[in-house]
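*Asks:* The following block contains a protein sequence and its predicted model.
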Amino acid sequence: MRLSVTIYHNPACGTSRNALAMIKASGVEPLVIEYLKHPPTRETLRQMIADAGLTVREALRRKGTPYDALGLDDESLTEDDLLDRMMEQPILINRPFVITPLGTRLCRPSEQVLDLLPDGAVTEFTKEDGEVIRRP
């Protein structure tokens, strides 16, 4: 089965690098979108978040971003307000989002990507930190 995979990737992020490596280990050459250089459109972002079963707030990245400085923990901010901030500063988009015909997911931890690949595509993988992931 030829699988179409898209990953919204940040090469500076270990989780994103591990997810990408697992995809490639499955034999798939994904479409890699470095979202800091080429952010998704607002509608694409909204759809990815919804397809992953998340709220916009759950898709926000806090660590290493201006999240706190922008006061994004303010519960009165609407999903549209949060999407506005994410579009203005794509670093606020958590990563990596992976899209396949088997689903869309924010792959944190990175091994969640395995649920989006065919069964048995990757049975063992060693992450950058040395952690070994085994799947039947």
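*Replies:* Cool, got the structure.
*Asks:* contacts and neighbour counts: CA atoms only from here.
*Replies:* Will do.
*Asks:* Please name the bridge partners of the nearest residue to L31 once chain neighbours are set aside.
*Replies:* The spatial neighbour of L31 that comes closest, neighbours along the chain excluded (C-alpha to C-alpha, 6 or more residues apart in numbering), is T6 at 4.6 Å. For T6, the beta-bridge partners under DSSP bridges are L31, I99.
*Asks:* Am I right that T6 is in contact with P101?
*Replies:* No. If you go by C-alpha atoms under 8 Å, T6 and P101 don't touch, sitting 10.0 Å apart.
*Asks:* Next, count neighbours for the residue nearest to L31.
*Replies:* T6: 20 surrounding residues under other C-alpha atoms under 10 Å.
*Asks:* and it, what does it touch?
*Replies:* Contacts for T6 (C-alpha atoms under 8 Å, 6 or more residues apart in numbering) come out as P30, L31, V32, I33, V98, I99, T100.
*Asks:* and if we set it to 6 Å?
*Replies:* P30, L31, V32, V98, I99 (C-alpha atoms under 6 Å, 6 or more residues apart in numbering).
*Asks:* and if you look at R62?
*Replies:* With contact set as C-alpha under 6 Å, 6+ apart, R62 has no partners.
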